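**Q** Output the structure for:
(one chain, ligands or ions: 1)
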Amino acid sequence: MDFHILTLLPEMVENALETSVLGRAVEEGIIRINAVNIRDFSAEKHHKVDDYPYGGGAGMLMQAQPVYDAWKSITDRTGKDVRCIYMTPQGRVFSQQMAKEFALEEELIFLCGRYEGVDERVLEEIVTDEVSIGDYVLTGGELPAMVMIDAISRMIPGVLHNEESAEGDSFGDGLLEYPQYSRPEIWNGKAVPKILLSGDHAKVDAWRREQSLIRTADRRPDLLESAHVSPKEKAFIENYLANKKDR
Ligand code: 6GU
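**A** Sure, this is the predicted structure:
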């Protein structure tokens, strides 16, 4: 997968994405990070990329021309049907499901805004998807693009190695992950749940599933509506919540 990132801060993106698991995936040739500096495409003699908003108001806007030409430098090579994702708090809120869908593409373009935004006309011309990473405001689209690229990359076959498998992930089946424990068996006076030491894999699996159900019911009940939960598990949750209320 080729990730193209249109940004005024290419080093920020490159440094973060060439570290750890994603850095290894880059070295293994599974993903490529192509950070394109929008400023390099300014047609203005001082490489200016921003100007005042018509109609007045606070701050500056990114101008259409450098953004468009930076985008075109990519699509001249890849073709124009590559999805171009604009990072904005006005977009659809990013989810694990979206990460899985984007992971099926061969190329993706991320447009990261700075300042108060981007001239609407270039957005109309090039953007196919507007995505937000949550209901709060950041100073630019770079961190959101990095968040998306991380989540998308780990859905690409070969990026995670066996020991980091995406199998038991929170949200994998729409539930939160169960609690986990490592050595020592007793730490700070607290023992590891006995069942995990039993060696009975079926029992361990059943316990973990129950813990996932309980955690989700306690912490994110909103997720249960679209989670993959059997009628028996639904009954288990009802029972758990009823007993909890009694206490
Ligand atoms: Cl995608 N961009 C910015 N600037 N702020 C955000 C965001 C994106 N998602 C949440 N806050």
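
**Q** so where do the strands sit in this protein?
**A** Taking DSSP state E, the strands of the chain run over residues 2-7, 32-37, 50-51, 61-62, 84-93, 107-112, 129-132, 186-187, 190-191.

**Q** Identify the residues contacting Tyr181.
**A** Listed by Cβ atoms under 8 Å, 6 or more residues apart in numbering, the contact set of Tyr181 reads Val192, Pro193, Leu196. Yep, even glycine has a C-beta here, placed from its N, CA and C like the rest.

**Q** tell me the contacts of the first one?
**A** Spelled out, that is Val192. By Cβ under 8 Å, 6+ apart, the residues touching Val192 are Tyr181, Glu185, Ile186.

**Q** Next, format the residues you listed as TSV and append distance to Ser42 and pLDDT.
**A** Formatted as TSV, those follow (distance: Cβ to Cβ, whole Å; pLDDT from 0 to 100):
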residue	distance to Ser42	pLDDT
Tyr181	55	98
Glu185	62	98
Ile186	63	98
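
**Q** With distance to the ligand as new columns, can those residues be given to me in a markdown table?
**A** Putting the contacts of Val192 into a markdown table (distance: Cβ to the nearest ligand atom, whole Å) gives the following:
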| residue | distance to the ligand |
| --- | --- |
| Tyr181 | 34 |
| Glu185 | 42 |
| Ile186 | 42 |
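
**Q** contacting residues for the residue nearest the centre of the chain?
**A** Nearest residue to the geometric centre of the chain (Cα atoms, centre = their mean): Met148, 3.1 Å. For Met148, the contacting residues are Ile85, Met87, Phe94, Ala99, Phe102, Phe110, Val131, Ile133, by Cβ under 8 Å, 6+ apart.

**Q** still on that earlier bit, which of the strands of the chain sits closest to Pro221?
**A** Closest of the strands of the chain to Pro221 is strand 84-93, at 18.2 Å (criterion: Cβ to Cβ).

**Q** Counting neighbours, what do you get for the closest residue in space to Ile133 that isn't next to it in sequence?
**A** Nearest residue to Ile133 in three dimensions, chain neighbours excluded: Pro144, at 4.4 Å (Cβ to Cβ, 6 or more residues apart in numbering). For Pro144, the count of nearby residues is 23 (other Cβ atoms under 10 Å).

**Q** How about the residues of this structure by the ligand?
**A** Residues of the chain lying close to the ligand (Cβ under 6 Å from any ligand atom) are Met87, Thr88, Pro89, Ser132, Ile133, Gly134, Tyr136, Val137, Leu138, Gly140, Gly141, Pro144.
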